[in-house]
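requesting a structural model of the entry that follows:
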Amino acid sequence: MANDSKKPWEITSKERAIFSIIVMTGAFMAILDTTVVDVIVPKLTGPLATDMYGVQWIITSYMVAAAIALLITEWLIKRYGAKAVFLGGVGLFTAASLACGLSSSLEEIVIFRVIQGTGEALIMVTSHIMIFSYFPPEKQGLAMGLYGLGVSFAPALGPTIGGYLTEYYNWRMVFFINVPVGLLLVTAGLVYLPKERFFENLKFNFVSFFLLALATVSLLVMLSKGQQYGWFNSRLIGALLLITLVAFALYLLSELHARYRLIDFSLFKNPLFANGIMIYFFILGFSMYQYFYLLPVYYEHIKMLPTLDAGIAVFAFAVFIGLFSPLAGMLSDKIGAKKTVALATLIYVFASLVLLPQLEYYTPLTRAMLLTIPFGIGMGLFFAPVTVMVLQNAPGHKGELAIVLMDYFRFVGGSFGTALATNNMEYFKNLHFLRMEELQNPLVIHHYLENLRDFAGISMEKAMAIFGSYETFMSANYGFYNTFMHAAYWGLFGSLFVVLLFVKIPSTRRSHD
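Sure thing, here's the model as predicted:
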């Protein structure tokens, strides 16, 4: 026990830099893959002989596997140590990336994406807790600011890298690029990363794990496939909802009567911890993830930019995420995490409510890119203070569980956000299409189509098809305004939990002093 007196952050500056670079690179690689793959999915229908609904399983399988693996990560860390689990996760992720790149069928790539998602979960939790431990308490905001470079910057950078690799090489390079990075990380980690000094033979509740995993799988599949099958017009979606609710209910019963609980819900008795998780869930998951999904779609389908150009346009705000993440960490250390969260939320809500809804087809590209910069600043300032607040308000021996809960809520919230964005885009596009048709004067439209037919020298059917395509495009253009606004409303809702950070809840037993 003598060696245990030395704290993890009692290391040299050189060691801290080396350890942090290794851990941050692993986290950056894992998170980057989530949005890099989003870009190539539409291009895989031909090579994998499937349709868009088929290739969506490439994303869904990854998310489901990662969410389930998160639930067992705390137990693995306690039993085998963060270093072993981190390197194991990098190894799994690297091997699965190579296998995905070599895949020749949809079934193969989905299987290997499951393994890749499992690796990502192991990387994210361990890298999170490791880098936090390398910095003393007074510099943990800076630690999370540096870590935020990976968590916030990587998803925004993904479309740019994915677009470049796809346009100048091929879709397999999106997976192959992880292989040399992963091999280098495993080697560097084995040589440089410090060994843990203690382990804990933590009991694991497999019944609760199975029930929560079942509920999570059902929920994520329901969210990702709801639009395809028609939400509650589909028996499958209804069955998945029922399985989700029943499995969650049985999980709660299992936890209430279990001797060893999977999740210690007493953490949520601390209002700063509970509000921090809710801020993370609603602002990052329900709101920000919608913009991660919507902005590349806006540039590609409304501004009609090639994939690489759309990625470069997205990079305009991604740069500011990278610039402001370390600054947020330093601000957290100087003025406190709560005030930094409030500042980040204020900038983010302003950008999402006022600036981003201005994006439409007629918005000049340069102006569109400038309008997204405050969004990037808000995002860059957001991650570090929320993470610091959550971790500092969890007991030291529950740090791993706190990270697991944050990442679990990120996955589930992000799935909700992506599903909401998809559903809202379709709904508002159709709504505007119907409204345009209601407002049209049939005689004026017929006269316009006749003029178009005569001017272009085409048939009436082709003139009607051209006009129909224009109506569809403009309805999608107008629909983006409503979709952006609804994403902003979730951010506004999440800001209520930021307000609660500054509300003092009086205790039931008050003294008379």
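
quick check: phi and psi at Pro364.
Backbone torsions of Pro364, given as degrees, to the nearest 10, read phi -60, psi 150.

roughly how far does it sit from Tyr481?
17 Å (Cβ to Cβ, to the nearest Å). The C-beta positions use only the backbone N, C-alpha and C, and glycine is treated the same way.

comparing those two, which residue is more hemmed in?
Neighbour totals were compared for Pro364 and Tyr481, and Tyr481 leads with 16 against 9 (other Cβ atoms under 10 Å).

pretty sure the more buried one contacts Glu360?
Yes. With contact defined as Cβ atoms under 8 Å, Tyr481 counts as touching Glu360 (6.8 Å).

show the contacting residues for the nearest residue to Lys303 once chain neighbours are set aside.
Nearest residue to Lys303 in three dimensions, chain neighbours excluded: Leu365, at 6.4 Å (Cβ to Cβ, 6 or more residues apart in numbering). Contacts here follow Cβ atoms under 8 Å, 6 or more residues apart in numbering; on that basis Leu365 touches Lys303, Leu305, Ala313.

quick check: the first one vs Tyr362, distance?
Just to be clear, that refers to Lys303. Lys303 is 10 Å from Tyr362, by Cβ to Cβ.

which one of these two is surrounded by more residues?
Lys303 (18 against 7).

got phi/psi on that one?
Per degrees, to the nearest 10, the backbone of Lys303 is at phi -80, psi -10.

OK, contacts around it?
Ala310, Ala313, Tyr361, Leu365, Ala368.

the residue most distant from the middle of the chain, which is it?
Asp454 (50.9 Å; Cα atoms, centre = their mean).

what kind of secondary structure is it in?
helix (DSSP: H, G, I helix; E, B strand; the rest coil).

the stretch 251-400 of the chain: helices as residue ranges?
271-279, 289-297, 307-335, 337-350, 365-371, 373-392, 399-439 (DSSP state H, counting those that start in this stretch).

most tightly packed of these?
Of all the helices of the stretch 251-400 of the chain, helix 373-392 has the most neighbours on average by mean count of other Cβ atoms under 10 Å, namely a mean of 26.

how far off helix 399-439 does that one point, in degrees?
Taking axes from the mean of the first three to the mean of the last three Cα atoms, to 10 degrees, one finds helix 373-392 and helix 399-439 inclined to each other by 150 degrees.

so after the helix or strand where Arg113 lies, what's the next helix or strand?
Element membership for Arg113 (DSSP states H and E) is helix 106-133. Using DSSP H and E, the helix or strand that directly follows helix 106-133 along the chain is helix 140-148.

C-alpha coordinates for that next one, PDB please?
Coordinates of each C-alpha in helix 140-148 appear next as PDB, following Å, rounded to 0.1, in the frame of the first residue of the first chain:
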ATOM      1  CA  GLN A 140      -8.600  19.400 -14.400                       C
ATOM      2  CA  GLY A 141     -10.500  21.900 -16.400                       C
ATOM      3  CA  LEU A 142      -7.500  22.300 -18.800                       C
ATOM      4  CA  ALA A 143      -7.400  18.400 -19.000                       C
ATOM      5  CA  MET A 144     -11.000  18.300 -20.100                       C
ATOM      6  CA  GLY A 145     -10.400  21.200 -22.500                       C
ATOM      7  CA  LEU A 146      -7.700  19.300 -24.200                       C
ATOM      8  CA  TYR A 147      -9.800  16.200 -24.200                       C
ATOM      9  CA  GLY A 148     -12.600  18.200 -25.700                       C
END
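
any buried residues in it, and which?
Gln140, Gly141, Leu142, Ala143, Met144, Gly145, Leu146, Tyr147, Gly148 (16 or more other Cβ atoms under 10 Å).

show me what that helix is packed against.
helix 13-40, helix 106-133, helix 307-335, helix 373-392 (3 or more Cβ pairs under 8 Å, 6 or more residues apart in numbering; DSSP states H and E).
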